[in-house]
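Peer 1: no FASTA, just this:
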């Protein structure tokens, strides 16, 4: 953003620059956001400042599942109601939330906080996979790989399967196929091909 | 965003809610922003918190031009180099920046911080137009209306012209027409019609 020194003022300029640390926010959006907050929602600005400070200070990673948590062990890992014999591996906290919304999974989780992506410099070390291996060694369980069905998610699942099977862990991957309510002429051909390859015998 | 109490944690939840006070940020983006800051850019989160707090505390309106300023009178209004006989009225601070980038205008400004928009409850009172009238009475000058060429911007310009001319102020409006480098078959017919209506005599 070009700006004449006479027309812009340092705190406002600093705010516009600072807003650009948010993903997907460019110079124009940052400017719009700053003007909006200063013009119409100063209370919102203070509230956001406080929320940022608190979260950045207090939120850390659960020592068991690696998800964001304010405590050493998160509520889900501490719960006695969850089945410790099942461990679902997901990429991000949002994926865990989606799994929870299905209300069909009652096991525990491990959140990778990313995926293997050598081009972005994310290897096995960056994903903290030793922690996952230690978790499985300490509490033997079945591991369900629920990484995304993207190239990187698949590669991560493949790497994890090899790694965990070498520890004699039973590993499965969530199913690929048509969505519930899906129609054959609506689905892409890659998904349909996978659904044929991974067909299941019908037991009458 | 649905969330199970076991899977989400209050500071993180609060941050996601707080981020939604930014214009154009929905639940999904807010979640993505919060995860990004906590996972990859805690320093950015602290920096943004501080910038928000400082701007929301210190930025107010210049008592002369009504633009955002940290001081009673902004640097542009305080400058002796600006021509006090010209006053350009714009809707928003971003419009002032665009005017400054042209580097052809050396007068002063008045920033409306909005436009007349009765449906949104913005009338003459909300725009602080008494301040503009007082400004013009105290420092008689030519007023250039540079509100947008939208329905609301035009209505605002019309209202201001009537108001200011009743105070015996010379009022002009920036020109409408084809853009520089514009081609007739590329421009919309409304603009072309206006360019014909507002044609200027060619002086050889």
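Peer 2: Everything's here; your move. Not measured: the values here are computed from a predicted model.
Peer 1: Can stretch A:24-31 be said to contact chain B?
Peer 2: Yes - Stretch A:24-31 lies within reach of chain B by C-beta under 8 Å from any C-beta of the partner chain, at A:24, A:29, A:31. Any C-beta I mention is one placed from the backbone N, CA and C, and that applies to glycine too.
Peer 1: Excluding residues flanking it in the chain, which one is nearest the second one?
Peer 2: Of all residues beyond its chain neighbours, the one nearest residue A:29 is residue B:24 (6.7 Å), with distances taken as C-beta to C-beta, 6 or more residues apart in numbering or on different chains.
Peer 1: Tell me how many other residues surround that neighbour.
Peer 2: Other residues within reach of residue B:24, judged by other C-beta atoms under 10 Å in any protein chain shown, total 11.
Peer 1: Repeat that for residue A:34.
Peer 2: Neighbours of residue A:34 (other C-beta under 10 Å): 27.
Peer 1: thought it was touching residue A:16?
Peer 2: Yes - using C-beta atoms under 8 Å, residue A:34 is in contact with residue A:16, at 4.9 Å.
Peer 1: Would you mind measuring from residue A:114 to residue B:77?
Peer 2: 50 Å (C-beta to C-beta, to the nearest Å).
Peer 1: More neighbours: which of those two?
Peer 2: Set residue A:114 next to residue B:77 and count neighbours by other C-beta under 10 Å: residue B:77 wins out with 21 against 17.
Peer 1: quick one: residue A:176 is in a strand?
Peer 2: No - assigned with DSSP: H, G, I helix; E, B strand; the rest coil, residue A:176 falls outside any strand and is coil.
Peer 1: out of everything not next to it in sequence, what's closest to it?
Peer 2: Nearest one to residue A:176, counting by C-beta to C-beta, 6+ apart, is residue A:194 at 4.7 Å.
Peer 1: Are there helices or strands packed against the biggest helix by length in chain A, and which ones?
Peer 2: Ranked by residue count and defined by DSSP state H, the top helix of chain A is helix A:42-58. Here helix A:42-58 touches helix A:27-40, helix B:10-19, helix B:27-40, helix B:42-58, going by 3 or more C-beta pairs under 8 Å, 6 or more residues apart in numbering or on different chains; DSSP states H and E.
Peer 1: tell me the angle of it relative to helix A:27-40?
Peer 2: 120 degrees (axes from the mean of the first three to the mean of the last three C-alpha atoms, to 10 degrees).
Peer 1: Could you check how far helix A:42-58 is from the centre of its chain?
Peer 2: On the basis of C-alpha atoms, centre = their mean, to the nearest Å, helix A:42-58 is displaced by 22 Å from the centre of the chain it belongs to.
Peer 1: Could I get the buried residue list for that helix?
Peer 2: A:44-56 (16 or more other C-beta atoms under 10 Å in any protein chain shown).
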